[in-house]
Each structure stands twice: as C-alpha cells, then as structure tokens.
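Q: Fold the following, please.
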Amino acid sequence: MTTTPQIEAVPARAWPTAVGLLLNVAHAIDHMFLLIFATAVSSIAIEFGYARWEDLMPFGVGAFFLFGLGSLPSGRLGDLWGRRSMMIVFFFGMGVAALLCAVVTNAWQLALALSLIGAFASIYHPVGIPMLVQHARNPGAVIGINGLAGNLGIAVAAVLTGFLVKWLGWRAAFAIPGLACIAIGFVFARVCPEETEAPGKRKGKASVSLSPAALARAFVVMTAAAVTGSLLFNFTTNGNTQFLSERFAGVIEDPAILGMLLAAIYVVASFAQVIVGRLIDRVALKPLYLGIALMQIPLLALAAHAQGWMLFVALLAVMVFVFGAIPFTDALIVRYVDDRIRSRVAGMRLTVSFGISSLAVWLLGPFVKTIGFASLFVLMAAIAACTAALVTLLPSERGEGAVSAAKG
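A: Below is the predicted model of the structure:
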C-alpha cells in the first residue's frame, strides 16, 4: 500500500548568509570558467595559427570530460571528508588552473590547462549544491536561485570575456577571473564555519521515500534525462557565440556587442530557474518537467532557420526552456536521496551525464563545419524529444513506489 509522501523535519542549524551567498557565487564561477574558452576561441585560434575556430574547439573537450568524470571522486570526498574543505579546494584550484590557461603557448598546453579547470569545476555540483540545500526548508526555491547564479556566470562569461578580449587580449580573460577566484577562496575559508562532522557520518533520511525498485528507476531515468539535457546545454552555451556571429553577419559584428546581446539572453533566461524552482516546491515534478522538455522542441526548430533579430528572440526563448530544465535533477536528488549520501549519488549521476555530454564540445566544431548550425539545431530538437520521452518514465510521487517517510 502507498501513502502520500511526507517531508522530513529540517535541522534548525543553517549556514550563515555569507556562506550561502558565496556558494551561489561559486556556481557562477563554475559555469563562467568553463565557457571562457568557447567565448574567446576565435581570438585564440588566430594566435595559435588555426584558420577556423571550429578546428580549435575540440581541444576544450577535456575540460568537460573531467567536469563529469571528476564528479564521482568529488562527491565521495564531499560526503566522507567534508563539503567545506572540498569547496576551499574548488576556489583555489579553479583560480590556479585559470592562471595556467593564461600563460600557455600552444593548443595542447591549453587543452591540458582547460582539463585542469574541468577537474576542479567537477567539485561544485556534487558538493556545493548539497551543501547549500542541506538545511533548506524550500529546496526548490534555493535550487532555483542557485541555478540563476550559475547561469549569470554564463552571462558574465559572454560579456566579460568579450570586453577583456577586445581590450586586453584573451589571456586576460583567464587571468583576471582566476585571481578573483583565489581571493574569493580566502573569504570563503574565513566566513564558513568548520563542519562538526562529515555529512556521511550524520543521521538522516530522504524527504520522499521510494521503494528500492522505484528509486533505481528514478535514478536511471534522471541520469538519462540529464544526459540529453546536458547535451542541449553544452551545444547551446558553447556554440551560441559563434551562432550569433554567423546569423548577425552584416548587422552586428563587434564581438563585445555580440557578447552583450548573448549576456542579455542568458540573464533573462536565467530567471526561468527561479520560477521553476518555486514551482517545484508547489506542484508535481513530473508534469512540470515534461511540459518544459516539450516546449524545447518547436523552439529549437524555429531557431534553426531564424536570422538577425528574429534569431535573437528565438534563441532567447530556447534558452529560457533549456535553463528552465536544469533544476529538476538536483530537485529529484534532494527529494529522494538522504543527505548522508547525496554528494555521492549526485557525483555518480554527474559522472555519467556530464561525461557523455562532453562529447557535445568535441563534436560542436566538426558538426558546424560539416552540417551547419541549422542542421545542428534540428538535431537538438530531436534530443529534446528524447528528454520528453524519458521524463514520462519517472515514477509518480503518489503511488508507483512512494512509501511513507516518517517525520524526523
């Protein structure tokens, strides 16, 4: 027999406000650093002697591959060693890796330095997000605001990198954020209290309990849907700069202005995560997730053929729903997984989804060079259809394996 899921009692202790703020800043840093290369790739290609940016793009795949692969050990260390300690490693590691990117002299050195960024970037999602929500009374809203912060980092990458490349060169686009990240790491280490014990040693339970079979099903489906969603995220965020440049040819060609346009798209679209996060706390996850996945299909098809300012509108709509889908996997983990193992479960999911979706970065340049952006966006519409099909397989929270979770 099944019963309506109940929400567990939330511990009274919470992180200081400054810690929550810095954890959100860390999410912005995480996404920003991963996209500096994609934004500056045209300038880097010229300096390194590549005729086309598409030929240099595959050198960035290591960052995204390790972004996924590193999530597994990062999550394990977060649960068993401590999330605060891992976040300190994140800030200093990201900063040093960015500084290394600024001093490389060829494409292979850059590939290694970018891979190091990816390795340290892998810490945030399985460690920083569980750390942020472990005391949250409204985890959906917290995840939504955190998602906004992450996507504002994407916007900052677009506009800040564009201006730094224009004014100081592409090396400054890595060096200046790298120094800022190290400074933020010192602040975080000072304001974040020591953890009394690692999360894996505490007692707790999931807010919604599922039968073992339903939990396994939910994990498989959320991982598969995360793969398709991450493919869309990587194809768009890594390709949008060049996509806008191509479709605005003869209209706007200044990279700084194009960066501002793309930043405006990301800023507006980022607020979708705040709205979705609040909805997650109020309505059933499955139909909400399905509706957002379905909306991606026609919008991607429309963007495939739009030009100029019509493309700007279409791409804005696309990114609203691409970003709007992001909070669901973290919300599912918060709802179904005990905090003691939450970083490890997130790490396993991220290793699979980010590891596979890193192929998007490797394939982006060759795809665009061979089939063009129009066909790529049609392909992404098909990927969105796969996401929608997968979401239909998620278990319902009423029935289909849900069991009572006693208040604790």
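Q: which residues sit in contact with residue 264?
A: Residue 264 is in contact with residue 155, counting by CB atoms under 8 Å, 6 or more residues apart in numbering. For glycine as for every other residue, the C-beta is placed from the backbone atoms N, C-alpha and C.
Q: tell me which element it falls in.
A: Taking DSSP states H and E as the criterion, residue 264 maps to helix 255-280.
Q: roughly how far out does that helix sit from the chain middle?
A: 13 Å (CA atoms, centre = their mean, to the nearest Å).
Q: Quick one: work out the angle between the very next helix or strand once past that helix and helix 255-280.
A: The C-terminal neighbour of helix 255-280 among helices and strands, as given by DSSP H and E, is helix 285-305. If you take axes from the mean of the first three to the mean of the last three CA atoms, to 10 degrees, helix 285-305 sits at 160 degrees to helix 255-280.
Q: now the helix or strand following helix 285-305, how far from the centre of its chain.
A: Downstream of helix 285-305, the next assigned helix or strand under DSSP H and E is helix 308-324. A distance of 18 Å separates the centroid of the chain from that of helix 308-324, by CA atoms, centre = their mean.
Q: With stretch 191-200 instead?
A: With CA atoms, centre = their mean as the basis, stretch 191-200 stands 25 Å off its chain's centre.
Q: How about residues contacting it?
A: Under CB under 8 Å, 6+ apart, the answer for stretch 191-200 is 15-16, 18-19, 22, 78-85, 87, 130, 134, 339-344.
Q: Taking helix 308-324 as reference, get the angle to the helix holding residue 264.
A: Helix 255-280 and helix 308-324 are oriented at 40 degrees to each other (the same axes, to 10 degrees).
Q: before we move on, the earlier item: buried ones from the contacts of stretch 191-200, can you make that a ChimeraX selection?
A: Of the contacts of stretch 191-200, the buried ones can be selected in ChimeraX as follows, counting by 16 or more other CB atoms under 10 Å:
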select :15,19,22,78,79,81,82,83,84,85,87,130,134,339,340,341,342,343,344
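Q: which of the residues in the longest helix belonging to the chain are buried?
A: Criterion DSSP state H: the longest helix present in the chain is helix 212-247. Within helix 212-247, the residues that count as buried by 16+ other CB under 10 Å are 214-215, 217-219, 221-245, 247.
Q: what angle sits between that helix and helix 285-305?
A: Going by the same axes, to 10 degrees, helix 212-247 makes 20 degrees with helix 285-305.
Q: For the closest residue to residue 395 other than its chain neighbours, give its distance to residue 396.
A: The shortest distance from residue 395 to any non-neighbouring residue, by CB to CB, 6 or more residues apart in numbering, is to residue 214 (4.6 Å). Counting by CB to CB, to the nearest Å, the separation of residue 214 from residue 396 is 9 Å.
Q: Likewise for residue 249?
A: 48 Å.
Q: circling back to that earlier point, run the chain-centre distance for the longest helix of the chain.
A: Worked out by CA atoms, centre = their mean, helix 212-247 lies 9 Å from the chain centre.
Q: which regions of the stretch 101-250 of the chain sit below the pLDDT cut-off?
A: 198, 200-211 (pLDDT under 70).
Q: Give me the neighbour count for the closest residue to residue 267 other than its chain neighbours.
A: Nearest non-adjacent residue to residue 267, counting by CB to CB, 6+ apart: residue 155, 4.8 Å away. If you count neighbours by other CB atoms under 10 Å, residue 155 ends up with 24.
Q: OK, contacts around residue 155?
A: For residue 155, the contacting residues are 262-267, 270, by CB under 8 Å, 6+ apart.
Q: same thing with residue 251?
A: By CB under 8 Å, 6+ apart, the contact set of residue 251 is 308-309.
Q: where does it land in three-state SS?
A: Per DSSP: H, G, I helix; E, B strand; the rest coil, the secondary structure class of residue 251 is coil.
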